[in-house]
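> Sequence isn't available, so here's the structure alone:
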C-alpha cells in the first residue's frame, strides 16, 4: 500500500538520479528489471536510452559520465549484467562513476534457489554479484525496504566522490515497495570531506618552500585532473604562477591547449624532443591527478631529473617521498593558488616548447593521398572550442595526441584500459550528454574500421534518439596497431571488409544522415571547409581511406616496445 | 632454443585441439595473444575464425561445441576475456565444453605488477581469472613449461568429460617455449571412468524390478542427453522397450521425432493436453539427462503421479529417493538395453498422443497474413533430416517446440540461460561446424528483430568464411516476450527499427547473398517450396513480418507465470 506521502522505491531511485542531473538511463530491458523501468517516465526530464546491447550501454554510460559527472546503467540478472562487465571494468580502471543497477529475481525466488532462467542452473545466485564486486568500488543487494533509500544514497555518493562504478542488485519485489517521499527534500551530500588542517598546512608550507627555490618548475596534468574536475583550478594555478603546463595522453584536455602556458603532451620517450627536454629538465614537477600506465607514459619511460615532485591526488598528496593521506587535491590546490604568488622567488616564466604549435604549419597539396601525419594536425582547425572528441585505442588514440584542442574541448580516450570498441559506444553516450547540455554541441568520434566492428550497433542508439555525432572511420584495412606490434602480414590481423556506406542506411531509418568517403587531402579540405558539413544537423559517417601501415610515429615506437615486453 | 624433437608450446596446444577435431578457433586478436595465434596456421586443417567481437566469438564457440563436441576460444587479457564472460557463463549453465585460452602479460610483467594497458590500474592481475573461475569448471595459469603440456591435457579432458567450459591463462612468454613433440603421439584419454560394478548392478536390479511391474512407463529425454551424447542409446532403449519417449524443450532433438515411439514435448502445464496426460499418468518415468529450469518445465509445473522415477545423469543415478554417486548414464544405459528385454513384464506398448502430429494438418489460405501458429508448424516440412536449427530465447524458442524435427535434426536453444543475442552468434559457430562435417548441411536460425540487434556482427563472421546459414528474422516490432511479461505498451520494450535488407549489403562484400521479406502465407509457401531457396548456396536473410502481439500460446502462458514470480 502506497500512502499519499509515499512513493515506490523505483520512483525514489530515478528522482534521486534526476537530482544529480542524470537525464538519460542506459541499458537493455529484461524480465527482472521491467517493473523498475516503469518508473523512468514518471520523473520529469528523464529518458530511457534503450541500447541495442549491454556492452554498448555500459560504454555509453561511461562516456555520459565523463561529460556529465555521473551515469546510470540498468541491466537484468545474469545475462544482462555479465555482458556489461567489460564496460564497467573500464570505468573502474579509468575512474568513471557509473551506477549499475541490476534487476534480480525476487527475494523469495532467490531464497528458494529456484532454477530460474538466466541462472547458472546450480543455485549459486551470488556469482554475478561476486563478479561485479571485483570491478566495482562497492556492490550491494537491496534486502530491507527500511534502509534501502539510505543505502542507495550512500552508494551513489561513494561512486560520485571516488569516481568509480558501483553495483546495486535490486530484487524485483522491492520496486513497488513504499518509501517516504519527504526523503527527496534533502539532497545527497556530494561534498568532499575537508582536509585535515594540520596536514594541509604542512603540505602547503613544503610546496611553497619548493616553489620559492625553483628556477624551472612545471605543472603536469593527468587523467584524474579531468575525472575529479580540477581543470579550472589547474588553469588558475597556471595563471597565477605562469609555470608551463604539460599534459599526459590521459590528461589531454585537462588544461585548455589555448592556454598561454600550455607546453605540450608529455609521453616519456614518445614525446616531441622539445617537450621531453622541457619536462625532464624541470627542477620541480607539480603532478596533478597522475595515473601511470604504460600507454600513458611511453612504456614507463617517464624520467624527471629532479626529486622535487609533488603529486596531487584525489585522496592523498605526496611531496617528494612523504605521503599525506586524506589531503585531497581540490581543496589543497584552491588554497595553494591563494598563497603561492608570494612564494615564486626568482622564477621567470620559461619559454615554451615550439612543437605543440606544429599544427599551424600544414602543407596541403590537394591531390595527395591522405595520411595520418597530415590528418591529425588538420583536425586541430576543424575542431571547435566546445567539441567533445572521442578517440579509439589504436591509431586514433595515438594520433589525437598530435591534434591541438582549441578552447574547452573535452577529449576522451580509454588509454589505460584500452578496450577496442569502447570509443563507438562512448561516443554514443557522450552524444546523449552533449545534447542535454547544448543541442548544438558536437561529438566527434575517431575510430578504426576494425574497432568499429565490435560495437557498431551503438550507432543505432544514436539514430533512435536523432543524435548527430560525426563518425570518422579510419579505414586502413585491418587492425593496424596489432600489425605494428606483431604479425604485420598475418591473416589474424585482418578483418572482414564492410561496405561502410550501408551502416547508416541500416540504422538511420527515421533520421537524416550523410555518408562521406575521402581519400585525398583535397577531399578532406573540402569537407572541413564546408559550413554545411560543420553544422551538426544530421548523423554523419566519414570513411577516411588510409594506407595499411601508415600510423602515427608515436604508435610505431610504442608497438615495438610492447612486443619486447610481451616476449620477455 | 627449439631442438628437432621439440615444438613450441603454442604449436602443441593447437596440435592437441586438432586431434580432438577442433578445426576452427574462435576469438579476437589482442596484443597479449598475437604470438599464440602465429601457430594456428601451422596445424593442418585448422583455421582462425577472426570474429568481430568477443561475445560473438564465445557464442560461436558454444554453438560449434554443441555440434562437434568441443570448441576453443582465444581472447586477450582483461578487455577481451571480460567481453566473453557472458558467453562462457551460458556454456557453463548449459553444459557446453569450451576451452577458453587467454593471452595474458608475461610472467615478468605480472610479477612486477606493471601498470599495463588492459589492467585495472591497481596491480590486481588476478581479478580476471577470479571472475572466469566463477563461471568455469576450472581456471588455471600456465606457470611452468615442464608441467604445461600435462596441465593442458588434463584441463581439456575435464572440459570434455564434464561438458563445461574451462579457462587457461597463458602468459605471452610461454608461447615459444619448447615441449617434446613426442607427447603428441599419445592422445588425450577422453574415456569416462567406469562405473562401480557393485553400485551399477544394484541400480540395474532396482530398475528392472520397476520395469517388470510397470504398465505405463515412459522415457523422458532432457538437455544432458544431448550434451553427453547418449542420443543413440536412448533411441535403442526406446526400440527394445517400445516405451513412449517424450522430450523437454531443452531435450528436443534428443530423440528423433520420426522415431516410432516419439510422443511429443513435455513442458508441465504448457504441454499439449494429451502429452501432459500421457506423461503425468505414467507409473514409471525413466528421465535421461534432466535439467529442471523454469522455462524447461513450464515454471516447475512438472507433475508425475508416480514416485517411480529413475533419473539418469552424467555423474550419478537416482532411483526413487536413492542416489548412486558415480554411476553414469552412458555405461548404465548400454547395460540396461542388454538386460531389459527380459524385464518388461506384461507391458503392452501404449498408444501415442496424437497432437505431436498436428503439423500435418495445416491449412494454407495463401493471402492470409503470416502468424506464429501457422509458421512453426509449416517449418516442420521445410526442415531436412540433417539440418541444424538454432532458435533464440523469446518467441522463437517457444515457437520451435511446435515444430516437428525430421530425422537427425539438431535443435539448439539456450532455454536455461536464455541470453538474448546468443542465437545469432551460436548459429555462426554452428555454421563453421556444419561446413566441416558436410558443406551441404544447412544451419537455420530463427531469431527476433530485437535479439538480432545485440549480436548482428556475427553475420559478418559468416560472410568472412562464405558460410550460408538461413537467417529467419521474426519482425514483430519490439521485444514481444518482454511485452507479454510486463509493459506491453511501454517504450522500453520497443527498439530502433532497422532496414534489415541492408545487413547483408553491409557485411557480405565478398560473398553471394539474398534478402527476402515475407508477410503472407502465400509468400512463405513460395520460398519453402522453391528448390533454389532450399539449396544453401548463399547466405540468406528472410525477414518474416508478424503482428506485434502474435506469440506462441505456450509463451503467452509462460509470460503470465513469470510476471507473478517476479512480483511476489
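Cool, got the structure. These figures come from a predicted structure and were not determined experimentally.
> any idea which element residue A:140 lies in?
When elements are defined using DSSP states H and E, residue A:140 is found to belong to strand A:138-141.
> what about that strand, distance to the chain center?
The gap between the average C-alpha position of strand A:138-141 and the chain average comes to 23 Å, counting by CA atoms, centre = their mean, to the nearest Å.
> Is that strand positioned near chain B?
No. Under the criterion of CB under 8 Å from any CB of the partner chain, chain B is not reached by strand A:138-141; the shortest gap measures 12.8 Å. Yep, even glycine has a C-beta here, placed from its N, CA and C like the rest.
> tell me the mean pLDDT for the helix or strand just after that strand?
Secondary structure here is assigned by DSSP H and E; on that basis, the next helix or strand after strand A:138-141 toward the C-terminus is helix A:148-162. Mean per-residue pLDDT for helix A:148-162: 97.
> next helix or strand past helix A:148-162?
Later in the chain than helix A:148-162, the nearest helix or strand by DSSP H and E is strand A:166-171.
> Spell out which residues of the stretch 51-200 of chain A are next to chain B.
By the rule CB under 8 Å from any CB, the part of the stretch 51-200 of chain A lying against chain B is A:52-55, A:78-79, A:82-83, A:85-86, A:89-90, A:92-94, A:105-106, A:108-109, A:114-122, A:127, A:130-131, A:134-135, A:172-173, A:176.
> now, which of those residues lie within strands?
With strands defined by DSSP state E, no entry of those lies inside them.
> Now, of those residues, which are buried?
Listed as buried from those are A:52-55, A:78-79, A:82-83, A:85-86, A:89-90, A:92-94, A:105-106, A:109, A:114-121, A:127, A:131, A:134-135, A:172-173, A:176; burial here means 16 or more other CB atoms under 10 Å in any protein chain shown.
> Now, those residues that are in helices?
Judged by DSSP state H, the subset of those located in helices is A:54-55, A:79, A:82-83, A:85-86, A:89-90, A:92-93, A:109, A:127, A:131.
> Strands of the stretch 351-500 of chain A, residue ranges please.
Taking DSSP state E, counting those that start in this stretch as the criterion, the stretch 351-500 of chain A contains strands spanning A:388-391, A:410-413, A:443-448, A:470-475.
> Identify whichever of these lies nearest to chain B.
Nearest to chain B among the strands of the stretch 351-500 of chain A is strand A:410-413; the distance by CB to the nearest CB comes to 11.2 Å.
> Show me what that closest one packs onto, helices and strands only.
Of the remaining helices and strands, those touching strand A:410-413 by 3 or more CB pairs under 8 Å, 6 or more residues apart in numbering or on different chains; DSSP states H and E are helix A:54-68, strand A:388-391, helix A:422-437.
> Just want the angle from the helix or strand following the first one to helix A:148-162.
Right, the one you point to is helix A:54-68. Beyond helix A:54-68 in the direction of the C-terminus, DSSP H and E gives the next helix or strand as strand A:71-76. Put simply, strand A:71-76 runs at 130 degrees to helix A:148-162, going by axes from the mean of the first three to the mean of the last three CA atoms, to 10 degrees.
> Rounded mean pLDDT for strand A:71-76, please.
Predicted confidence along strand A:71-76 averages 98 (mean pLDDT).
> Can you tell me what sits against that strand?
Taking CB atoms under 8 Å, 6 or more residues apart in numbering or on different chains as the criterion, the residues outside strand A:71-76 that touch it are A:17, A:22, A:24-33, A:36-37, A:54, A:57-58, A:61-62, A:64-65, A:81, A:83-84, A:87-88, A:96-103, A:118, A:429.
> switch to 7 Å and redo it
Judged by CB atoms under 7 Å, 6 or more residues apart in numbering or on different chains, the contacts made with strand A:71-76 from elsewhere in the structure are A:17, A:22, A:25-28, A:30-33, A:36, A:54, A:57-58, A:61, A:64-65, A:81, A:84, A:98-103, A:118.
> got the angle between it and helix A:79-93?
Orientation note: strand A:71-76 sits at an angle of 150 degrees relative to helix A:79-93 (the same axes, to 10 degrees).
> Given strand A:71-76, what are its sheet partners and their directions?
For strand A:71-76, the pairing partners within the sheet under DSSP bridges are strand A:24-27 (parallel), strand A:98-104 (parallel).
> looking at it, residue A:224 is touching residue A:95, isn't it?
Yes. Under the contact definition of CB atoms under 7 Å, residue A:224 touches residue A:95, with a separation of 6.0 Å.
> wait, what's in contact with residue A:253?
Shown in contact with residue A:253 (CB under 7 Å, 6+ apart): A:226, A:405, A:409, A:410, A:411.
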